[in-house]
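Colleague: What follows is a predicted protein model with its sequence.
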Amino acid sequence: MKSASQLLAVTLLAGATAGGVAAQAAPPDTLTVAEAVRIALEANPMLRAARSAAVASAERVGPAGALPDPQLQLALMNRMTSEFGSTMDPMTMNQAQLMQMLPWPGKLGGARRAARHGAAAASADAEEQARMLAAQVRMAYFEAAFADRALEVMHRTQGLLREFLEVSTAMYAVGTGIQQDVLRAQVEVARMGEEITRMAQERVAAAARLNALLNRDATSPIGALELPEPAGDLPPVDSLVTLALQDRPALVAGAERVAAAEASLAAARRELYPDFQVGFAYQRRPAYPDMVSLMLGVNLPIFAGSKQLPMRRQMAATRDMSEAELRNLRNETVARVVELRARAVQDRNLGRLYRSSILPQARGAVQAALATYRVGRVPFMQLVDNQMTVNRYEIETYRLSADFHQTVGELEALLGRSLTLSPGAPGGGAP
């Protein structure tokens, strides 16, 4: 039994020294996050829908500024009912008439500008959709990558606990161990099995979300995934805020909607002015000389109180709504950028602290407990508890790395561009 417990102690020591969180070489078949984003940008149906909506909006610009279609009228005029085929009456004629409506100057221009700004807003919305899609892909990708690393640690921990259960059971059978160690080991093995089951299902869920974003079947296998350590420092918060306010596609879309509302309001103000109708008619009289007619007409806005003026107020309210939404989006963008940067810095710094200080100290505690256990001064359960503490810190370190990359992905979506991290010190970083 002494040799069995010593073998288990050596196994624990190997687990304490080999279970690090250093960056590992990715297998050749690893699906990289860049490749996942590329696939999503090409295949995601919602992004295709957003881009199609932008194309449809662009096609509305031309019709919005075009003149109404002219009207061509053909008529047999002033025929006698008693002799319909007779053409001897001087008023009998065959007429061709062409009419064209000409809106008041500025109406069509305002409609065209509103449609153009609306198309620009739809295009910016499609770009925002692409950025948010990339952030969602990174969210699901790194969630699955974290689950893979956590499952590795959990399986290793479960193996150690099962070895301890075997040794403690054997020692209790010959009277050199206590039943409490056996029961505790059984509980810990069962609890770790529960944690593995839970984490495995979370991995399945993350893979399903990733497959959906990539326009794949939800059950398609997702192989090895990368989870690099956070490297580099984030730009200062004021630089990030400036970039977001300048380049975030959603803000560009909001500004375009304000411009479209302004153009629509300008056109609505001109609705009180009459539109013109011009026409030309040619009358052919079979028995007499032909005649021509020129016509000019205007519409009379006599119902302005119930038509044109409410339309103007509607456009003004739409303009005010668009401006308020844009201000609110700006405020939310600034707050979100500050929040995400603070979270990313926290994840990065805590991860560095775990890797450089906490994990080495926890592994040192395992080795110290192992040395003390060999001389019989420390219960074996304390040795196992120390090793499980190391494993928990390893899982938390992976969690921090995944959270960092997810947060950076959301920041990039808000900035409207890829984020370049400056080289930073391994043990710290700018606040």
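Modeller: That came through, no problem.

Colleague: Using the centroid of this protein, identify the residue furthest from it.
Modeller: Going by Cα atoms, centre = their mean, the residue of the chain most distant from its centre is residue 88, 78.2 Å out.

Colleague: surely that residue meets residue 79?
Modeller: No: Residue 88 is not in contact with residue 79 according to Cβ atoms under 8 Å; the separation is 11.3 Å. Using the backbone N, CA and C atoms, a C-beta is placed for each residue, glycine as well.

Colleague: what's the spacing between residue 44 and residue 51?
Modeller: Look at residue 44 and residue 51: by Cβ to Cβ, to the nearest Å, they are 10 Å apart.

Colleague: Could you do residue 371 as well?
Modeller: From residue 371 to residue 51 the distance is 64 Å (Cβ to Cβ).

Colleague: These two: which is more packed in?
Modeller: More crowded of residue 371 and residue 51, by other Cβ atoms under 10 Å: residue 51, with 17 against 13.

Colleague: Could you find the closest non-adjacent residue to residue 295?
Modeller: Leaving aside its sequence neighbours, residue 295 sits nearest to residue 279 (Cβ to Cβ, 6 or more residues apart in numbering; 3.8 Å).

Colleague: Give me the contacts around the helix or strand where that neighbour lies.
Modeller: According to DSSP states H and E, residue 279 maps onto strand 276-284. Contacts to strand 276-284, defined as Cβ atoms under 8 Å, 6 or more residues apart in numbering, come from residues 77, 93-104, 290-299.

Colleague: CA atoms only for the helix or strand just after that strand, dumped as PDB, please.
Modeller: As assigned by DSSP H and E, the chain's next helix or strand after strand 276-284 is strand 291-298. Listed next in PDB are the C-alpha coordinates belonging to strand 291-298 (Å, rounded to 0.1, in the frame of the first residue of the first chain):
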ATOM      1  CA  MET A 291     -55.800  71.700 -85.200                       C
ATOM      2  CA  VAL A 292     -53.400  71.600 -82.300                       C
ATOM      3  CA  SER A 293     -53.800  72.500 -78.600                       C
ATOM      4  CA  LEU A 294     -51.400  73.400 -75.800                       C
ATOM      5  CA  MET A 295     -52.500  73.000 -72.200                       C
ATOM      6  CA  LEU A 296     -51.200  74.100 -68.800                       C
ATOM      7  CA  GLY A 297     -52.700  73.100 -65.400                       C
ATOM      8  CA  VAL A 298     -51.800  73.300 -61.700                       C
END
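
Colleague: Who are the packing partners of whatever helix or strand comes next after strand 291-298?
Modeller: Toward the C-terminal end, the helix or strand that comes next after strand 291-298 (DSSP H and E) is helix 308-353. Judged by 3 or more Cβ pairs under 8 Å, 6 or more residues apart in numbering; DSSP states H and E, the packing partners of helix 308-353 are helix 237-247, helix 249-269, helix 380-415.

Colleague: Among those, which comes closest to residue 314?
Modeller: For residue 314, the closest of those is helix 249-269, at 7.6 Å, according to Cβ to Cβ.

Colleague: tell me the mean pLDDT over that closest one?
Modeller: Average pLDDT, helix 249-269: 94.

Colleague: chain center to the host helix or strand of residue 199: distance?
Modeller: Using DSSP H and E, the secondary-structure element containing residue 199 is helix 179-213. Chain-centre distance of helix 179-213: 29 Å, with Cα atoms, centre = their mean, to the nearest Å.

Colleague: try stretch 95-106
Modeller: Its chain's C-alpha centre and that of stretch 95-106 lie 49 Å apart, by Cα atoms, centre = their mean.

Colleague: Ok, stretch 207-222 next?
Modeller: Distance of stretch 207-222 from the chain centroid (Cα atoms, centre = their mean) equals 16 Å.
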